[in-house]
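Chemist: build me a model from this:
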Amino acid sequence: MIDGPEAITPRWLAEAIVPQGPARRRSRGGIESVHAREIGTGVGQLSRIFRVEISGGEDFPASVVVKLPSDDPQAFRMCRRMSLYRREFLAYRRVTPALGVETPSLLFGAFDMRTHRFVLVLDDVANWWDGQARGRDQLQGADASEARLAARAAADIHAPFWDRTDRTIVRRYGGGSESRVAQASSEHTLSGFREIFRPLVRWALQFVYVKSLPVAHARFPEAFGSRHRELASAFGPLVAAQLAAASSGPKTFIHGDYRLDNMFFSPREDGRFAIVDWQAAATGCGLYDLAYFACTSVRRASRPRIEGELLEEYHGRLRALGVRDFSIEECRVLYRASVLACLVRQVIVAGSANLDHERAHRLARTCLRRTLHAIDGVDGWAHIASAGRSSAMGWAVTRLAHHVATRSSAGGRTQAGPGRRSVGSR
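Modeler: Have a look, this model is predicted:
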């Protein structure tokens, strides 16, 4: 276990990623030097991520990625409370080798259950495909071919555990063309992952949504027309009910943060795709991943044209992988419910996150606008009308959130742009 990049030394790294078993007896040249460079700053990362270039040692990769906890005490406490670091550690250790999608191999991992300190040494996707793996900028948005590839890959993630979240799968280890198989443990593969929108979380998210909405309006007035302001406010008391609707249907393992900033594509037209960052991994409805990608990562101009294709690509791939008793009509209904559920996260980010960094501010605005546009496109607001009155609990949570938001606004200012901290900033 290490605490900072200064501890990433040639000796530590050589010991961390040395093979186990008979492979340890190989003759390996020593690592001569390492150079750690922080990456991902300003894109909403909740960990410190370093690309470590390696010199010397022909049996070692050209570079690896090392992930460490955030050095922001407030962010660290939030990640500990939400078990984000533990989830990613478990995902890389247990789950991702069993999925039908390429994702970095865990070369070394350590996690302290008491403190939630951790370190992950991961295969660097930048070395894949002849060193030509291509990361994409979420602000620019995915084109049609990338969106279709991401839709198929979402099915590859979801199919192995579809409607069987208690399943144990023999896990494959290794990236690229190499893999090895380990015996499945007696503990089922998804042990340690909880449902993304379980009941208590729904009420908590409704509270934070209602509390965040006035700040989101103030920060991004151009994103909300008068109609959107009215509908987003009317949605407040019904958030928990909507999240329950989005959680209905078959459960599976989901990525939870399925967006373009976490994806890599091959430069060749060979359909190669990789997904990283599993901190938000959970169980839930697979359509949430697909809806979240379409809402936050597909350009507004192209989404209406390809949205139907994405659903068909996803559903067709599920069927090809053996998923039965799930019709395209059910797929569309759950997708529509999930699109409206995606607004919850975007409002919370827009109204409660620290957006001091310019790119973080631009990304929050872009994702909010894309999500509102997507809701219009699938007539998602009709769910508000069909849901009718909120429950007594829904109104109680809403009134409490309004009360807290009013007290907060009386003691501070809202943020209009990067460089000024809002009342609800984290």
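Chemist: switch to C-alpha atoms for all contacts and neighbour counts from now on
Modeler: Noted.
Chemist: what's the burial count for A392?
Modeler: Applying other C-alpha atoms under 10 Å, we find 10 other residues in the vicinity of A392.
Chemist: kindly report the same for the one 10 residues further on.
Modeler: Counted with other C-alpha under 10 Å, the neighbours of H402 add up to 19.
Chemist: quick check: pLDDT value at the residue nearest to it when sequence neighbours are not counted.
Modeler: Leaving aside its sequence neighbours, H402 sits nearest to K211 (C-alpha to C-alpha, 6 or more residues apart in numbering; 6.0 Å). Looking at K211, its pLDDT reads 95.
Chemist: now K211: which helix or strand?
Modeler: Using DSSP states H and E, K211 maps to helix 199-219.
Chemist: what packs against that helix?
Modeler: helix 226-235, helix 239-246, helix 328-352, helix 392-410 (3 or more C-alpha pairs under 8 Å, 6 or more residues apart in numbering; DSSP states H and E).
Chemist: may I have the secondary structure class of T366?
Modeler: Three-state call for T366 (DSSP: H, G, I helix; E, B strand; the rest coil): helix.
Chemist: what of the one 5 residues further on?
Modeler: Going by three-state DSSP, the secondary structure assigned to T371 is helix.
Chemist: from G394, how far off is it?
Modeler: Distance of T371 to G394, given as C-alpha to C-alpha, to the nearest Å: 23 Å.
Chemist: equivalent analysis for V215, please.
Modeler: Distance, V215 to G394, using C-alpha to C-alpha: 21 Å.
Chemist: give me the more crowded residue out of these two.
Modeler: Neighbours were counted for V215 and for G394 using other C-alpha under 10 Å; V215 has more, 26 against 19.
Chemist: next one, pLDDT for the more buried one please.
Modeler: Looking at V215, its pLDDT reads 94.
Chemist: go on, D72?
Modeler: Looking at D72, its pLDDT is 88.
Chemist: how about it, phi and psi?
Modeler: Backbone geometry at D72, expressed as degrees, to the nearest 10, gives phi -90, psi 110.
Chemist: ok, it - how many residues close by?
Modeler: Neighbour count of D72, defined by other C-alpha under 10 Å: 11.
Chemist: for the residue nearest to V344 when sequence neighbours are not counted, what are its contacts?
Modeler: Among residues not flanking V344 along the chain, Y209 sits closest, at 6.0 Å (C-alpha to C-alpha, 6+ apart). Counting by C-alpha atoms under 8 Å, 6 or more residues apart in numbering, Y209 touches G236, V344, R345, V347, I348.
Chemist: out of the residues you listed, which end up buried?
Modeler: When these are checked for burial by 16 or more other C-alpha atoms under 10 Å, the buried set is G236, V344, R345, V347, I348.
Chemist: just the residues you listed now: which is nearest R87?
Modeler: Nearest to R87 among those: R345, at 18.9 Å, using C-alpha to C-alpha.
Chemist: now that closest one: closest residue in space that isn't a chain neighbour?
Modeler: The shortest distance from R345 to any non-neighbouring residue, by C-alpha to C-alpha, 6+ apart, is to Y209 (7.8 Å).
Chemist: how about the closest residue in space to P5 that isn't next to it in sequence: which residues does it bridge to?
Modeler: Closest residue in space to P5, ignoring its immediate chain neighbours: A36 at 6.9 Å, by C-alpha to C-alpha, 6+ apart. Taking DSSP bridges, one obtains V52 as the residues bridged to A36.
Chemist: go ahead and confirm A36 touches R51.
Modeler: Yes. A36 is within contact range of R51, at 5.7 Å (criterion: C-alpha atoms under 8 Å).
Chemist: re the thing from before, of the helices and strands packed on helix 199-219, which approaches G284 most closely?
Modeler: When the helices and strands packed on helix 199-219 are compared by C-alpha to C-alpha, helix 239-246 sits nearest G284, at 8.9 Å.
Chemist: number of nearby residues for R114?
Modeler: Counted with other C-alpha under 10 Å, the neighbours of R114 add up to 6.
Chemist: roughly how far does it sit from S83?
Modeler: R114 is 12 Å from S83, where distance means C-alpha to C-alpha.
Chemist: what's the answer for S70, then?
Modeler: Applying C-alpha to C-alpha to S70 and S83 gives a distance of 13 Å.
Chemist: averaged pLDDT, the strand or helix carrying A155. What do you get?
Modeler: Using DSSP H and E, A155 sits within helix 144-158. For helix 144-158, mean pLDDT rounds to 96.
Chemist: what comes up buried for that helix?
Modeler: Within helix 144-158, the residues scored as buried using 16+ other C-alpha under 10 Å are 144, 146-158.
Chemist: next one: stretch 88-97
Modeler: The neighbour-count check on stretch 88-97 (16+ other C-alpha under 10 Å) flags E88, F89, L90, A91, Y92, R93, R94, V95, T96, P97 as buried.
Chemist: mind listing the helices for this protein?
Modeler: With DSSP state H applied, the chain shows helices at 10-16, 73-81, 84-90, 128-131, 144-158, 199-219, 226-235, 239-246, 286-297, 303-320, 328-352, 358-377, 382-387, 392-410, listed in chain order.
Chemist: could you tell me the least trusted of the ones you listed?
Modeler: Lowest mean pLDDT of these: helix 382-387, a mean of 67.
Chemist: of the helices and strands packed on helix 199-219, which is nearest S105?
Modeler: Comparison of these against S105 by C-alpha to C-alpha identifies helix 328-352 as nearest, at 29.0 Å.
Chemist: buried residues in the closest one?
Modeler: For helix 328-352, by 16+ other C-alpha under 10 Å, it's 331-332, 334-352.
Chemist: again with stretch 61-81
Modeler: Across stretch 61-81, burial judged by 16+ other C-alpha under 10 Å covers 62-70, 75-76, 79-80.
Chemist: report the central residue of this protein.
Modeler: D257 (1.5 Å; C-alpha atoms, centre = their mean).
Chemist: so that one makes contact with A282?
Modeler: No. Using C-alpha under 8 Å, D257 is not in contact with A282; the gap is 10.0 Å.
Chemist: could I get the helices and strands packed on helix 199-219 as CSV with distance to L106?
Modeler: Below are those laid out as CSV (distance: least, C-alpha to C-alpha, whole Å):
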stretch, distance to L106
helix 226-235, 41
helix 239-246, 32
helix 328-352, 29
helix 392-410, 41
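Chemist: which of the ones you listed sits closest to D166?
Modeler: Taking C-alpha to C-alpha, helix 239-246 is the member of these nearest to D166, at 20.7 Å.
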